[in-house]
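S.K.: from the sequence below, what's the structure:
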Amino acid sequence: MNEFEMQALLSKSKEAWARTQAVVKRVLGDKHTLQWMSIIDRKRLTVLLVWEQRYKVSLEWMVETLLLHYQGKRKKIITGRRYRNPALPVRTVTMVSPTSAEIIEKEIEQAYPNDEHLEIWRERKRYEFLAKQVSAEGLDGKGVLNHTFVDFSSSKEFVDYYTRMVDEYRLMEEKIAGERRRKGKPFRNSPWR
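M.R.: Numbers count the residues shown, from 1 in each chain. Modelled structure (predicted):
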């Protein structure tokens with residue numbers, strides 16, 4: 001691995017670690033922290049980012065599902081720090097094991113029997129892309145709220161201004177989305193299909 005690949009891996013592992021830690025604190029409480037997790041275990045958490053792309057559900061949902069599943073099956077015998085991370089009900093290797101992948105698949109089938117998670121994923125990706133494009137265009141949606149009600153002499157003027165700005169913003173988003181759909185063959189995992 002060259003230096004660039006190592007930096008990319010470290011940034012991805014930091015992202016996975018931070019997102020996982022937020023879920024652990026929310027689900028298990030503030031006393032649980034992943035602060036003392038080893039670098040190797042932090043790198044193992046990047047498997048969750050791969051699963052996020054594969055299963056089209058958020059990393060937070062997967063971690064919460066696994067924590068709730070393994071919390072009930074936690075062995076009371078293992079208490080030493082040597083055996084497991086004290087913040088997690090199981091070792092990190094178990095959290096990213098093939099068994100955990102099967103648990104995620106079963107939970108997805110139960111939670112989304114008609115593959116609704118795919119449509120949720122597509123909408124989220126479209127929104128991220130459009131937000132990026134709109135900010136590149138320089139609008140950022142701020143033009144809609146540049147003026148307040150006080151800046152106008154009548155409520156009708158304000159409503160007309162607000163309606164016009166919202167319509168312009170919506171039309172620009174639709175134009176960007178339409179251009180994106182027309183560009184060649186759709187790539188794998190395209191939210192525009």
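
S.K.: hmm, who's touching stretch 25-32?
M.R.: For stretch 25-32, the surrounding residues in contact (Cβ atoms under 8 Å, 6 or more residues apart in numbering) are 24, 33, 63-64, 67-68, 71, 86-89. Any C-beta I mention is one placed from the backbone N, CA and C, and that applies to glycine too.

S.K.: tabulate the CA atom coordinates of it in PDB.
M.R.: Provided in PDB are the C-alpha atoms of stretch 25-32 (Å, rounded to 0.1, in the frame of the first residue of the first chain):
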ATOM      1  CA  LYS A  25     -23.300   6.100  23.300                       C
ATOM      2  CA  ARG A  26     -26.900   6.600  22.200                       C
ATOM      3  CA  VAL A  27     -27.900   2.900  22.600                       C
ATOM      4  CA  LEU A  28     -25.800   1.800  25.500                       C
ATOM      5  CA  GLY A  29     -25.300   5.000  27.400                       C
ATOM      6  CA  ASP A  30     -22.600   7.700  27.900                       C
ATOM      7  CA  LYS A  31     -20.400   5.500  30.100                       C
ATOM      8  CA  HIS A  32     -19.700   3.300  27.000                       C
END
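
S.K.: for it, buried residues please.
M.R.: Buried residues in stretch 25-32, counting neighbours by 16 or more other Cβ atoms under 10 Å, are found at 27-28, 32.

S.K.: tell me the mean pLDDT for that stretch?
M.R.: Across stretch 25-32, the average pLDDT comes to 85.

S.K.: now do stretch 176-192
M.R.: 63.

S.K.: domain assignment for the protein?
M.R.: Residue ranges for the domains of the chain, per automatic domain parsing: 3-111, 116-182.

S.K.: most packed of those?
M.R.: Ranked by mean neighbour count, the domains of the chain are led by domain 3-111 with a mean of 15 (mean count of other Cβ atoms under 10 Å).

S.K.: quick one: that one to chain centroid distance?
M.R.: Centroid separation for domain 3-111 versus its chain: 14 Å, with Cα atoms, centre = their mean, to the nearest Å.

S.K.: sorry, back to before: select from the domains of the chain the stretch with the lowest mean pLDDT.
M.R.: For those, where the average pLDDT is lowest is domain 116-182, sitting at a mean of 75.

S.K.: thank you kindly, that will do.
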